[in-house]
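Colleague: quick one, fold the following:
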Amino acid sequence: MNISFLSSLTLPLVALAALAGFAQDKPAVDPKVAEANKAIISAEKPCYPLKTCPVSGEALGKTAVDTVIDGHLVRVCCDNCVAPAQKDGAAIRASIEKAAIEQQKKDYPLDTCVISGEKLSAESVDTVVGTRLVRVCCKKCAAAVAKDPAPTMKKLDEAYIAAQKDKYPLKTCVVTDEVIGESKDMEPVDYLYGNRYFRLCCAGCKRAVAKDPEGMWAKVEAARTAKK
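Modeller: Numbers count the residues shown, from 1 in each chain. Model prediction:
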């Protein structure tokens with residue numbers, strides 16, 4: 001039999017065997033862990049503050065990879081940066097929290113502690129839940145937020161909506177362009193994507209905002225600028 005013919009058969013088989021071995025070596029992801037990670041990514045992505053990969057320094061584009069490290073979202077530019085990010089998780093998390101505080105402090109909607117109700121001051125404590133800034137009067141209240149963040153985040157959501165709703169520049173839905181409240185078949189919705197408020201014609205439009213938040217927010221900002 002022709003040796004070159006045998007070689008042409010053998011090489012593809014070797015390649016397939018190598019791929020099969022790689023697939024077997026790759027650990028299976030527990031469905032429960034995968035679901036939990038998906039929820040973390042969904043919750044933390046809207047306010048994720050970094051625009052560049054914490055490993056390579058490259059800009060995060062459409063091919064960016066969302067991974068979960070130590071219970072929090074970390075966005076990297078490619079699959080090759082996932083492992084290095086995992087090795088430096090604590091430092092990356094610290095940089096995310098620092099950036100979140102810097103970006104969100106200016107437009108923070110409350111001047112009182114979400115736990116005690118006391119006025120915030122220069123001695124107030126800035127803490128981060130996921131990727132969102134929460135300001136409290138003291139370390140004791142910061143611990144209370146960390147122990148049970150849900151009630152605090154509900155108050156914060158309500159405060160962000162209240163702060164932006166009256167100044168919202170659009171009478172139409174950013175998704176459908178329909179006049180909000182005009183249809184008897186659709187109930188208008190106040191939707192907060194991260195800390196950004198959208199007034200939508202119906203609940204069904206939430207998904208479109210979440211799919212293209214920057215594009216939708218650009219419409220809101222353009223309308224705001226046009227009104228000045």
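Colleague: the residue nearest to Cys201 when sequence neighbours are not counted: neighbour count?
Modeller: Distances taken as CB to CB, 6 or more residues apart in numbering place Cys173 nearest to Cys201, at 3.8 Å, with adjacent residues excluded. (Each C-beta comes from the backbone N, C-alpha and C, glycine too.) For Cys173, the count of nearby residues is 25 (other CB atoms under 10 Å).
Colleague: quick one: stretch 47-66 to chain centroid distance?
Modeller: Distance of stretch 47-66 from its chain centroid, counting by CA atoms, centre = their mean, to the nearest Å, is 12 Å.
Colleague: buried residues in it?
Modeller: Residues of stretch 47-66 classed as buried: 47-50, 53-55, 60, 65-66 (neighbour count, 16 or more other CB atoms under 10 Å).
Colleague: cool, stretch 215-222 as well?
Modeller: Buried-residue list, stretch 215-222, by 16+ other CB under 10 Å: 216-217, 219-220.
Colleague: need the three-state assignment for the residue most central in space within the chain.
Modeller: Of all residues in the chain, the one closest to the mean position by CA atoms, centre = their mean is Lys45, 0.8 Å from it. Three-state call for Lys45 (DSSP: H, G, I helix; E, B strand; the rest coil): helix.
Colleague: hang on, it packs against Ala64?
Modeller: No. Contact criterion CB atoms under 8 Å: Lys45 and Ala64 do not qualify, at 10.3 Å.
Colleague: what do the two both touch?
Modeller: By the contact definition CB atoms under 8 Å, 6 or more residues apart in numbering, Lys45 and Ala64 are jointly contacted by Arg75.
Colleague: show me what Val179 bridges to in the sheet.
Modeller: Thr172 (DSSP bridges).
Colleague: so Gly89 sits right up against Val74, yeah?
Modeller: Yes. Using CB under 8 Å, Gly89 makes contact with Val74 at a distance of 7.3 Å.
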